[in-house]
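Visitor: the sequence isn't on hand, but the structure is:
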């Protein structure tokens, strides 16, 4: 199948090629002479009636067989594809973050979901079914069992096995298809699409490098194609989500994919939420976000100069006191691996972690991506949810540092500001 893909997507289709029409070969009628038929005696009426009945039955069987052929449309309408797939398809590639700048590595779940959301938006805009990669790569840095398997003052450094996981183990594809029809690139439907597109030739498929999505939608030479192979931006896998700050241009909200978690993950989150009762939640992003580097004078600098300070328990107590009253149950999701790091919060709140619910999660979770998807659902169900970074004007956050800062390396601030009231 990969060989077929490389053959299909090897050369881009130009407008001239797409507009060419095939020529039909003329055929010559061949007349043949037949000897004059000999006269025959009339058949019995019973034999004639029997023969007629047999012919009718045969015609019915033949018409039935031709009325339900194994076509792409029939394959799409089978029970396993009951999300009513459309007739045209959008293919991006076999990995969420490749091609692009991450082909030799693997990004975390958040970055890959950003790419996936852009792809789904593109398919939604074009009115096409999205051909989703069947697997997502797992970054080993983000695949430690860590806080889920901590015991006392010891945190496990053991990692989950596997460098990738099935998309259908993370997301409910039928649920996604209610908004954007999707199929996996290892499905029978996709194989049938490829076969059909090869038969159709230039009317079936095109490699459309550098074509705007407006042209792909409005120009018949593209919009009538069965399959579009979209090329990647050199900076990231998808190229259409260029202005994420312009909220009016966003077709799918940031909460879309988190709410599309697989049914087993949703069920686990519901069980944990039921045990938590009335609770608040906080997501504490540390780890890679607080890394520093030395400048030419040997001084440590950080892209998020206040983050290390703002995500320490004593500063968090001050920050969240205006939002979370004392005595509340506080669910904490974090990539911090130091044992007891958030224990000081226990003087005011009842603390809860994923590790408190290992009896539910151990039999289900196979990687850290699945764990975080469950944690996200739990945090989404909290009465008050506090993020690490503010992503929207109405968000509550632990720090005022911007989430996206790729240039300004500053000296970390680890002390209180003069304006702090705590």
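Guide: Received it, and whenever you're ready, just let me know what you need. In this text, all values refer to a predicted model and were calculated from it rather than measured experimentally.
Visitor: contacts, neighbours, all on C-alpha from now
Guide: Noted.
Visitor: quick one: buried residues of the host helix or strand of residue 194?
Guide: Taking DSSP states H and E as the definition, one finds residue 194 inside helix 188-200. For helix 188-200, the neighbour count (16 or more other Cα atoms under 10 Å) marks 189, 190, 192, 193, 194, 196, 197, 198 as buried.
Visitor: out of those, who's nearest residue 296?
Guide: Nearest to residue 296 out of the buried residues of helix 188-200 is residue 190 (Cα to Cα; 53.6 Å).
Visitor: what's the closest of the buried residues of helix 188-200 to residue 218?
Guide: residue 197 (20.6 Å).
Visitor: that closest one reaches residue 229, doesn't it?
Guide: No. Taking contacts as Cα atoms under 8 Å, residue 197 lies outside contact range of residue 229: 11.4 Å.
Visitor: what touches both of these two?
Guide: residue 205 (Cα atoms under 8 Å, 6 or more residues apart in numbering).
Visitor: what's the local residue count around residue 230?
Guide: Counted with other Cα atoms under 10 Å, residues neighbouring residue 230 total 23.
Visitor: correct me, but it touches residue 207?
Guide: Yes. The criterion here is Cα under 8 Å, and residue 230 meets it with residue 207 at 6.5 Å.
Visitor: for the chain, which spans come out with low pLDDT?
Guide: Flagging of the chain using pLDDT under 70 yields the residue ranges 1-86, 97-103, 142-162, 231-250, 405-406, 418-422.
Visitor: for residue 360, which residues are in contact?
Guide: 268, 272.
Visitor: my read is it is in a helix, agree?
Guide: Yes. Using DSSP: H, G, I helix; E, B strand; the rest coil, the assignment for residue 360 is a helix.
Visitor: distance of it from residue 228?
Guide: 43 Å (Cα to Cα, to the nearest Å).
Visitor: re the thing from before, give the next helix or strand downstream of the helix holding residue 194.
Guide: strand 205-207.
Visitor: so in that sheet, which strands flank that next one, and in what orientation?
Guide: Partners of strand 205-207 in the sheet, by DSSP bridges, are strand 227-229 (parallel).
Visitor: ends of stretch 378-398, what's the gap?
Guide: Start-to-end, stretch 378-398 (Cα to Cα) is 18 Å.
Visitor: and for stretch 181-189?
Guide: 12 Å.
Visitor: now it: buried residues?
Guide: 181, 182, 183, 184, 185, 189.
Visitor: correct me, but residue 128 touches residue 87?
Guide: Yes. Residue 128 lies in contact with residue 87 (Cα under 8 Å); the separation is 7.4 Å.
Visitor: who's more crowded, those two?
Guide: The residue with more neighbours, out of residue 128 and residue 87, is residue 128; 25 against 15, by other Cα under 10 Å.
Visitor: so what's the more buried one up against?
Guide: Here residue 128 is in contact with 86, 87, 88, 89, 90, 181 (Cα under 8 Å, 6+ apart).
Visitor: quick check, nearest of the residues you listed to residue 407?
Guide: Nearest member of the contacts of residue 128 to residue 407, counting by Cα to Cα, is residue 90, at 34.9 Å.
Visitor: confirm that closest one sits in a strand?
Guide: Yes. Counting by three-state DSSP, residue 90 is found in a strand.
Visitor: my read: it touches residue 225, true?
Guide: No. Applying Cα under 8 Å as the test, residue 90 and residue 225 come out as separate, 10.0 Å apart.
Visitor: can you pull the residues that touch both of these two?
Guide: In contact with both residue 90 and residue 225: no residue, using Cα under 8 Å, 6+ apart.
Visitor: out of the buried residues of helix 188-200, which is nearest to residue 392?
Guide: So of those, ranked by how close each gets to residue 392 (Cα to Cα), first place is residue 190, at 37.9 Å.
Visitor: surely that closest one touches residue 197?
Guide: No. Using Cα under 8 Å, residue 190 makes no contact with residue 197, being 10.4 Å away.
Visitor: can you give me the strands in the stretch 251-400 of the chain?
Guide: For the stretch 251-400 of the chain, strands defined by DSSP state E, counting those that start in this stretch occupy the ranges 279-284, 293-294, 300-301, 329-334, 350-352, 385-387, 396-397.
Visitor: what is the first one packed up against?
Guide: This means strand 279-284. strand 329-334, helix 368-380, strand 385-387 (3 or more Cα pairs under 8 Å, 6 or more residues apart in numbering; DSSP states H and E).
Visitor: of all those, which lies closest to residue 398?
Guide: That would be, of the helices and strands packed on strand 279-284 and by Cα to Cα, strand 385-387, which comes in at 6.4 Å.
Visitor: picking up where we left off before, dump the buried residues of helix 188-200 into a markdown table; add distance to residue 136 as well.
Guide: Output for those, formatted as a markdown table (distance: Cα to Cα, whole Å):
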| residue | distance to residue 136 |
| --- | --- |
| 189 | 20 |
| 190 | 18 |
| 192 | 23 |
| 193 | 22 |
| 194 | 22 |
| 196 | 27 |
| 197 | 26 |
| 198 | 27 |
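Visitor: I'd say residue 329 and residue 279 touch.
Guide: Yes. Using Cα under 8 Å, residue 329 is in contact with residue 279, at 4.9 Å.
Visitor: what pairs with the closest residue to residue 382 other than its chain neighbours across the strands?
Guide: In space, and not counting its chain neighbours, residue 382 is closest to residue 280: 4.8 Å by Cα to Cα, 6 or more residues apart in numbering. Beta bridges link residue 280 to residue 330, judged by DSSP bridges.
Visitor: state the distance from residue 280 to residue 254.
Guide: 21 Å.
Visitor: likewise for residue 266?
Guide: 18 Å.
Visitor: same question, residue 284
Guide: In terms of Cα to Cα, residue 284 sits 18 Å off from residue 254.
Visitor: about what we covered before: which one of the helices and strands packed on strand 279-284 lies nearest to residue 121?
Guide: The nearest among these, by Cα to Cα, is helix 368-380 at 20.8 Å.
Visitor: can you give me the buried ones in the closest one?
Guide: Buried-residue list, helix 368-380, by 16+ other Cα under 10 Å: 368-380.
Visitor: do stretch 395-406 as well
Guide: 396, 397, 398, 399, 401.
Visitor: show me the contacts for the last one.
Guide: Translated: residue 401. Applying Cα under 8 Å, 6+ apart, the residues contacting residue 401 are 304, 305, 306, 307, 389.
Visitor: most neighbours, which of those?
Guide: Ranking the contacts of residue 401 using other Cα under 10 Å puts residue 307 first, with 27 neighbours.
Visitor: list the contacts for that one?
Guide: Residue 307 neighbours (Cα under 8 Å, 6+ apart): 286, 289, 290, 399, 401.
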